Each structure stands twice: as structure tokens, then as C-alpha cells.
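Trainee: I would like the atomic coordinates for the input below:
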Amino acid sequence: MQALWFLTWRLLVNSVRRTFTNPLRATFAVLVILWFAFTIGSNLFFSLRHASVTTTPLPADLRQFHTEYLIALLMGIHLVMLWQPLFPVTFRTVPLFTQADVHFVFPAPQRRLLVFLFLLFTRGLVNSLMVLLILLIMAAAIGHDLLASLLTGSAPSRARLAWVYPSMYLLAFVALLMAGILIVLQEERQPGFHRRLKWMFWGLMGALAAVLGWHGYRAWQGGTDPLHEVVWHLLHNPTLVVPLFPVRALAEAALAFTEGWTPAVSLGFVLWVGALAWAVVLLWRYEYLLYDVAAQIATLSSPFALRRQSPAQAAYEASVAAAQKRKRTVRWRLFERWVPQGAWALLWCHSLLMLRLSNTLQIPVTVFIGSVVMATVFMLQARSLTPSEQLGFMVAIQYMSTVLLVLTTQSWLVSVIRRAEMNKSLPFAARVVLWTEVLPPTLMVWLLQILLWAVFSSVLPMYLLALGLHMLIAMSFVPLLFTVMLTVYLWFPDQSDYTQRVLLGVLLFPAMLLASTPALVALGIGAWSGLPFWVQTIATTMCNVSISWLSILVAAQQYVHINPAE
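Mentor: Reported below is the predicted structural model:
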């Protein structure tokens, strides 16, 4: 095991060394460290000076009302977050196993189970620790009053339970990660097991959704609040509580530092510890097959498998292989005789690659459907609101869906780096190539936004023009956010490097916020001056177009010097 610890340590050292040998990355790393130190230190200093200041607690009935809705919301969030560990092949940025492990680590005279679990924990936990790192940063930067009370010894008893959620989340992540490995192993022994398990899971989710929908429909027919009825049954109906209890335990653990220890937290620890122990026993039972499973995962998910040949060629081969898995090839007769030339051909090529990767489109379409469902539920229970208040809610959903659609489509930007070797050899300027990479996801988000505008306009036809102007403003932010994210990705192109991955996660949101500031300022000045809304729309769009073009120029300078095989 000493050799494995040494290799892990050298990996971290080399990651930091690579970061600080590059002047640009070293500058960003120093700025991030200084920002964290200043934020945590200043907040802690001022909190210690005002440690005696207390806030008025919320009324008990209001707190209970919000707690139920918050638990339901956290259950949904965890149900989405905990998908990743069940599919270990999808760990593409920080892979669980690599071809180097297969060729150099596995032949070593070490016990298979220990080596397998060590690699699984050290690399798999990196993905979950990113979420916990964000929570730690938020607690240190925002929850400074709680931090000061802990240091002064005056923390309330419930505040000392802040460790509950990170502990349970790590237990859940590791248990589900092992369950994902066992699913891959069982698929090797019984082909078709994964497909049957997937249909069983979706059947269960469909049945639970049908039960919730039925209770919501009955409440709507009876004139009561459908959302309140759905939340009540979600938290108290045994038909829904039992199958969803694992995420219910995580949701209540996340609120333990404010709501205290609950029976669901105790049962949650028992459940996840038992699941983890059961998974370890099964892995020990099938110890002789672990290296075969690890080799298969390394072949499918490791970036080294994509870089054995030309990175660009490997990326295109992966795209073609994914497209061939579809049962039917969609043929658009309207475009069969159209032969694009020049940069239009490259744009058409990238658009087809994105469309044929069906997994790239599943999440954005899900976000679109969720936005429509959210708006529908709101309209069913917002009968007492005025049309202008309903318009405000629709606009909020429109802007929120725009941000979610952009964030859920950013995985396309990783493939831009893999195609850099082939695209750089084409007779086009770097900014032209980058525009052909940014426009396909931009056009897809625009299409979904237009469909969302059509749905909202059918509900509120008297505000057709206002919704259209808000749609144009939201659409102008799409290329801006994509170009800014692409620029940050090009600054930190190696997502298998731990330091670059952390810096990317820290800087991505501030960069997006900074780039959006000019348009937001223009929109605020226009609203304060009382200008017509169409003038505000034009000013905001011009700001976003200018910043998008500037971001592409900055990204092009970095794109010319990028090395995909680095």
C-alpha cells in the first residue's frame, strides 16, 4: 500500500507543479488562494467582534411550513445528484481506473481488493468532495456567524450537528459507487442485467410520479392547494416514504444543524452503513473479477483511451460509435442536396455531432420539460394572482431555464478541446473555429427557449410582446455564457488534473457573473431611467454580443497554443 500512497502523492505534487509552471494558471491559483484567505479571514474577524449579536428566530408555524417544502426540494436535488456514482463509466473527467493502472499497477503483487478499493476511494471521492468543497466554502464565507460562535464556544447544540450531512453524503456516495461497480460486474456475468435494472428503476419512478400526480389532481379538483397536497403525501404516505427514504434521510441530514437530530437521520446512517458493508462483502466475494471490471471501465472511460491515437481522431470515432448505437438514422431529405462550403461545413459537422450524441440532449430536454411542468403547476394554484404577477413568475422561469440549459450543455465544451488537434490544421482562423463550436449548443438552447416562449404566450396571450422581449434578452445571454465558459475551459484544459479541475470549478461561476455584469448594468440603468423595454432589450443584446466577441478573441489566443495530448 505504500507504493499506492506514493503514486497518489506524486500525482498531487505533479498536478500542483504543472499549475505553477504555467504563468497564467499560477496567477489564477494565487488569486484564488488570496481571495479565500481574505474572505474567510475578514468574515471571521468581523463575526468575532459581533459574536454577541443574535437574530430573531422565525415563527414555529412558518418554520415548519418551509421545512416540509425544503425537505421535498432537497429530496429532488439528491435524487438527481446521486445518479453519477451508479454509472462509474461516466467518470470521464477524473476516471476511476486508467490504462496505466491496467498495465503497471494491477500486475503488482498486492491483494486485489485492497488495490481496487484504494483506487476507487481516492479517485471516486474526488468527485463527491467537489460538492462538499463548495459547501465548505459557502459555510466559511457566508456562515461566518456560525463559525465565530463555534470558536467562542457559544454555538447552540444543533449547530454542532453540522458534521452530519457531510458524513452521510460520503457514506451514500461511496455505497452507490460500489453499487455501480457491482452493476458493471453483474452485467459481465449476466448480459442484459443493466437494461432490466434500468427499466425497473424507471418503472418505480413512473409509479411514484403517478401516485403524486393523482393526489395533486384530486386536490386541484377539490379546490385545495395541489402543491401542498403533493408535498404532504411525499413526506407522510408510506407508499412514497419507503422507496424514497434514502434521499429523505439525506435531506433531513442536510437540515440537521438547524432542525436537530431526527429519527430519519438515525435510520439513514443505519441504512447507508449497512449498504456500504453489504457492498464490501460482495466485492470481497467477487475479488477474482475486480481487475477485469476495472480494465473494462478504464477502456470505456479513461481519457488515456482517447489519446492513444490522435486525440481529435479518437474524439470523432467516439462520436460516430455513439451515433451508430441508435436504432435508426434520421435522414433529413431537405438537406440531402445541400453541400455546405468553408466554415459552414465545419458548423454543419459540429451540429451533426452534437445532435447524434443523444445523451448530450437528454438533460436539456429534461430541463425544458421541467420548466413547462413548473409553470403549469404554478398556473393551477395561482388563480388569485393578477396577470402581471403571473407574468413575473413566467419571466423568472424563463431566465432560470436559460441558465440551467446552458449549464447542463457545457459538457459539449470538453469535446472542443479534444477536437483541437484536427480543427487547428484547418484553413480557418481560430475565432472562426470557436464560433462553429459555440453555435451548435447555442442554437439548441435558442430553439428550446422559443418553444418555452410559445407555451407561455399561449397561457398569457395578452403579454405576448413582453414575453418575446424577455426571450430575446435571455437568448442574448446564451452565447455570452458559452463563450466565457469555453474561455475558462481553455485556460484549464486537462480535467483529469486535480488542480486544474478545482480551479475550473472555482473560477467558472465568477467568470460568468463578471461577463454578465455589463448587460445587467445596462438593463438596470434602462429600468431606472424609465426607458421603453424594447430600448433596454437592444442595449442588453448589444452588450452581450460585444462581450461574447471579446471572449472569443481571448479564447482564440489560448486555442492556438493548446496541446490536447498534454
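Trainee: now for L7: which residues touch it?
Mentor: Each residue near L7 by Cβ atoms under 8 Å, 6 or more residues apart in numbering is listed here: V105. C-beta coordinates here come from the backbone N, C-alpha and C atoms, glycine included.
Trainee: tell me how far the residue nearest to L391 when sequence neighbours are not counted lies from F533.
Mentor: Leaving aside its sequence neighbours, L391 sits nearest to Y463 (Cβ to Cβ, 6 or more residues apart in numbering; 5.0 Å). Relative to F533, Y463 is positioned 11 Å away (Cβ to Cβ, to the nearest Å).
Trainee: my read is that the residue nearest to L391 contacts G392, right?
Mentor: No - using Cβ atoms under 8 Å, Y463 is not in contact with G392, being 10.2 Å away.
Trainee: by mean pLDDT, which helix or strand of this structure comes out lowest?
Mentor: For the chain, scoring each helix and strand by mean pLDDT, DSSP states H and E identifies helix 303-306 as the least confident one, at a mean of 46.
Trainee: for the longest helix along the chain, name the packing helices and strands.
Mentor: As assigned by DSSP state H, the longest helix anywhere in the chain is helix 498-529. In terms of contacts (3 or more Cβ pairs under 8 Å, 6 or more residues apart in numbering; DSSP states H and E), helix 498-529 is packed against helix 2-21, helix 23-49, helix 112-141, helix 464-491, helix 533-560.
Trainee: residue ranges with poor pLDDT in the stretch 201-350 of the chain?
Mentor: Across the stretch 201-350 of the chain, residues meeting the criterion (pLDDT under 70) sit at 299-338.
Trainee: again with the stretch 401-550 of the chain
Mentor: Applying pLDDT under 70 to the stretch 401-550 of the chain flags the ranges 421, 495-496.
Trainee: distance of the residue most central in space within the chain relative to V367?
Mentor: Residue closest to the mean C-alpha point of the chain, counted by Cα atoms, centre = their mean, is T408 at 6.4 Å. Going from T408 to V367 by Cβ to Cβ gives 6 Å.
Trainee: same question, V280
Mentor: 36 Å.
Trainee: between those two, which one's more packed in?
Mentor: Higher neighbour count among V280 and V367: V367, with 22 against 15, using other Cβ atoms under 10 Å.
Trainee: from what I see, the more buried one and T409 are in contact.
Mentor: No - taking contacts as Cβ under 8 Å, V367 lies outside contact range of T409: 9.3 Å.
Trainee: and the closest residue to T537 other than its chain neighbours, what is it in contact with?
Mentor: Using Cβ to Cβ, 6+ apart and skipping the chain neighbours, the partner closest in space to T537 is L469 (4.8 Å). If you count contacts by Cβ under 8 Å, 6+ apart, L469 has them with 533-534, 537.
Trainee: check W534 too.
Mentor: L469.
Trainee: now swap in L490 and tell me
Mentor: 417, 555, 558-559, 562.
Trainee: Three-state assignment for Q341, please.
Mentor: coil (DSSP: H, G, I helix; E, B strand; the rest coil).
Trainee: check the gap between it and L439 for me.
Mentor: In this view, Q341 and L439 are 17 Å apart by Cβ to Cβ.
Trainee: those two: which is more packed in?
Mentor: L439 (16 against 7).
Trainee: within the helices and strands, which one has that one?
Mentor: Using DSSP states H and E, L439 falls within helix 430-459.
Trainee: quick check: buried residues in the one helix or strand L353 maps to?
Mentor: Per DSSP H and E, L353 falls inside helix 343-356. Buried residues in helix 343-356, counted by 16 or more other Cβ atoms under 10 Å: 343, 346-351, 353-354, 356.
Trainee: for that helix, packing partners?
Mentor: Contacts defined by 3+ Cβ pairs under 8 Å, 6+ apart place helix 343-356 against helix 311-324, helix 358-381, helix 430-459.
Trainee: can you show me the CA trace of it as CSV?
Mentor: Output in CSV follows, covering the C-alpha atoms of helix 343-356 (Å, rounded to 0.1, in the frame of the first residue of the first chain):
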residue,chain,number,x,y,z
ALA,A,343,-16.7,27.4,-42.3
TRP,A,344,-20.4,26.5,-42.9
ALA,A,345,-19.3,22.9,-43.5
LEU,A,346,-17.5,22.9,-40.1
LEU,A,347,-20.5,24.3,-38.4
TRP,A,348,-22.7,21.7,-40.0
CYS,A,349,-20.3,18.9,-39.0
HIS,A,350,-20.2,20.1,-35.3
SER,A,351,-24.0,20.4,-35.3
LEU,A,352,-24.5,16.9,-36.5
LEU,A,353,-22.0,15.5,-34.0
MET,A,354,-24.0,17.2,-31.2
LEU,A,355,-27.4,16.0,-32.5
ARG,A,356,-26.2,12.4,-32.9
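Trainee: got the angle for that helix vs helix 430-459?
Mentor: Comparing the axes of helix 343-356 and helix 430-459 via axes from the mean of the first three to the mean of the last three Cα atoms, to 10 degrees yields an angle of 50 degrees.
Trainee: CA atoms of stretch 109-119 as CSV?
Mentor: Presented in CSV, the C-alpha positions along stretch 109-119 are these (Å, rounded to 0.1, in the frame of the first residue of the first chain):
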residue,chain,number,x,y,z
PRO,A,109,1.9,-8.4,-6.1
GLN,A,110,-0.7,-6.7,-4.0
ARG,A,111,-4.1,-8.0,-2.9
ARG,A,112,-6.7,-7.2,-5.5
LEU,A,113,-9.4,-6.0,-3.1
LEU,A,114,-7.1,-3.5,-1.3
VAL,A,115,-5.8,-2.1,-4.6
PHE,A,116,-9.2,-1.9,-6.1
LEU,A,117,-10.8,-0.2,-3.1
PHE,A,118,-7.8,2.3,-2.7
LEU,A,119,-8.1,3.4,-6.3
